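Colleague: this one's structure only:
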């Protein structure tokens, strides 16, 4: 599935699998980026589930699109 096939909701949360369809990095690189503060941290949604705020992912996309790096 291409990144253009993935659409973010207006508000809410998305799971990591959906984020990785948009931001072309692997899980290990993503988690390292979260640890270093380059990528947004997840939010616990339940005991076993985490998600990412859509607003944070959109901000990351804007930063990457502007060529500022993460």
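Modeller: Thanks, I have the structure now. Predicted, not measured: the structure shown is a model, and the values here were computed from it.
Colleague: going forward, measure contacts and count neighbours with C-alpha atoms only.
Modeller: Fine.
Colleague: remind me which residues of the chain are low pLDDT?
Modeller: 1-5, 69-70 (pLDDT under 70).
Colleague: identify each buried residue in the lengthiest helix in the chain, please.
Modeller: For the chain, the longest helix by residue count, based on DSSP state H, is helix 54-65. Buried positions in helix 54-65, judged by neighbour count with 16 or more other C-alpha atoms under 10 Å: 54-55, 57, 60-61.
Colleague: likewise stretch 16-35?
Modeller: Result for stretch 16-35 [16+ other C-alpha under 10 Å]: buried residues 19, 21-22, 30-31, 33.
Colleague: which one of these is nearest to residue 66?
Modeller: residue 22 (15.6 Å; C-alpha to C-alpha).
Colleague: that closest one reaches residue 6, doesn't it?
Modeller: Yes: Residue 22 lies in contact with residue 6 (C-alpha atoms under 8 Å); the separation is 7.0 Å.
Colleague: that older thread, need the buried residues of stretch 16-35 in a markdown table (columns: distance to residue 13 and secondary structure).
Modeller: A markdown table is the format used below for the buried residues of stretch 16-35 (distance: C-alpha to C-alpha, whole Å; DSSP: H, G, I helix; E, B strand; the rest coil):
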| residue | distance to residue 13 | secondary structure |
| --- | --- | --- |
| 19 | 10 | helix |
| 21 | 15 | helix |
| 22 | 14 | helix |
| 30 | 17 | helix |
| 31 | 17 | helix |
| 33 | 19 | helix |
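Colleague: which one of the buried residues of helix 54-65 is nearest residue 48?
Modeller: residue 54 (19.4 Å).
Colleague: wait, the closest one sits on residue 15?
Modeller: No: at 9.8 Å, residue 54 does not count as touching residue 15 under the criterion of C-alpha under 8 Å.
Colleague: any idea how far residue 7 is from residue 34?
Modeller: 22 Å (C-alpha to C-alpha, to the nearest Å).
Colleague: same question, residue 44
Modeller: 22 Å.
Colleague: would you map the strands across this protein?
Modeller: 13-14, 43-44, 50-53 (DSSP state E).
Colleague: tabulate the ones you listed in a markdown table, adding columns for mean neighbour count and distance to residue 68.
Modeller: Output for the strands of the chain, formatted as a markdown table (neighbours: other C-alpha atoms under 10 Å; distance: least, C-alpha to C-alpha, whole Å):
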| stretch | mean neighbour count | distance to residue 68 |
| --- | --- | --- |
| strand 13-14 | 18 | 23 |
| strand 43-44 | 12 | 25 |
| strand 50-53 | 18 | 21 |
